[in-house]
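**Q** below: sequence and its predicted model.
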Amino acid sequence: MAKRLLDCTASELAAFSKKDLLESMAGCEGRVMVSETIGITQPLLNDVTNAEYAAALGADVLLLNMFDVQQPVVQALPKVAPEETVRELKRLTGRVIGINLEPVDPVLAASNDGTLWQMSAGRLATSENAVKAADMGVDMVLLTGNPGNGVANEAIVAALREMKAAAGDRLILAAGKMHGAGILSQSGASIMTLQDAQEFIDAGADIVLVPAPGTVPGITVEAVHELASYVHSRGALLMTAIGTSQEGADTATIRQIALWCKMAGADLHHIGDTGVPGMALPQNILAYSIAIRGERHTYHRMASSINR
């Protein structure tokens, strides 16, 4: 059994295999903090990446949204060769790094042309992009969808099968939507059903993502608990997600959601990237972390040197 992520140093995490990482996450018993950030926007601290900022606030896993594996950009990152972008971020933070890839409907995704969410080839959920991500040092790929991009659960299943075959031994594969992602028939309580969870796991998902209770209409503690029980019975992990800009709510709301997620059975707790454009409100990352694991583990993660 791998050492639990809560207690791991940067050098220990760097040496972990995919199997080790999954065991390490499971061993934390619902206390893994995942912070999603955007690298193409102006960082909140100007000359420090949003990912570094989130790491400093206690995040265990840094999830990069809008990250193009063919043309990688992380604002404020020291200049390195494109293929070294992820490894440089790992060097600076000592954290597990994940990225989003999206199996979009190109017709629906076209509605985002000219906006922040506009799609690019290196963000598509293809086996080629998954292999490239693994080559760059990415630890986890989340198959999901940004607002309006037209990502259906059926498309996630198809992409999972391809990625499992191409790079499933090198990448943790997570899958699920934080909101409807442009598919109204798969919104609200219909975002994730037990059948969807079954199909995701059958197709190769190591982690199933569901909206956090209180973030999407109809997603309750009871509904997530039912999904968590099934996911765990299949040997997979469950990640709850705040992807509805409530990462910009007040800290009392964040603490309430955090405890609901833990009650429901979350193994990993995701907080989104648009409290302000680019990341959650900094105080909410800290508040969420303390709510699910207390000050001791939060400050331990914050204080532990990347040189250990």
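**A** Cool, the structure landed.

**Q** give the next helix or strand downstream of the host helix or strand of residue 259.
**A** Residue 259 is part of helix 251-264, with elements assigned from DSSP states H and E. With elements assigned by DSSP H and E, the helix or strand that comes after helix 251-264 is strand 268-271.

**Q** list the helices and strands the next helix or strand after that following strand packs on?
**A** Next along the chain after strand 268-271, taking DSSP H and E as the criterion, comes helix 282-303. Secondary-structure packing of helix 282-303 (3 or more Cβ pairs under 8 Å, 6 or more residues apart in numbering; DSSP states H and E): strand 32-38, helix 50-56, helix 251-264, strand 268-271. For every residue, glycine as well, the C-beta is placed using N, CA and C.

**Q** what residues does the last one touch?
**A** When contacts are defined by Cβ atoms under 8 Å, 6 or more residues apart in numbering, strand 268-271 is touched by residues 25, 30, 32-36, 61, 63, 178, 207, 209, 212, 237-243, 247, 254, 258, 261-262, 280, 284-285, 288, 292.

**Q** restrict it to CA atoms and write it as CSV.
**A** Taking Å, rounded to 0.1, in the frame of the first residue of the first chain, the C-alpha atoms of strand 268-271 are listed here in CSV:
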residue,chain,number,x,y,z
LEU,A,268,-11.2,13.8,-4.0
HIS,A,269,-12.6,17.3,-3.6
HIS,A,270,-12.4,19.6,-6.6
ILE,A,271,-12.8,23.3,-6.5
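
**Q** partners of it, with directions?
**A** strand 32-38 (parallel), strand 237-242 (parallel) (DSSP bridges).

**Q** residues near residue 46, how many?
**A** Using other Cβ atoms under 10 Å, residue 46 has 8 other residues around it.

**Q** residue contacts, it?
**A** Per Cβ under 8 Å, 6+ apart, neighbours of residue 46: residue 76.

**Q** using the three-state scheme, assign it.
**A** What DSSP: H, G, I helix; E, B strand; the rest coil gives for residue 46 is coil.
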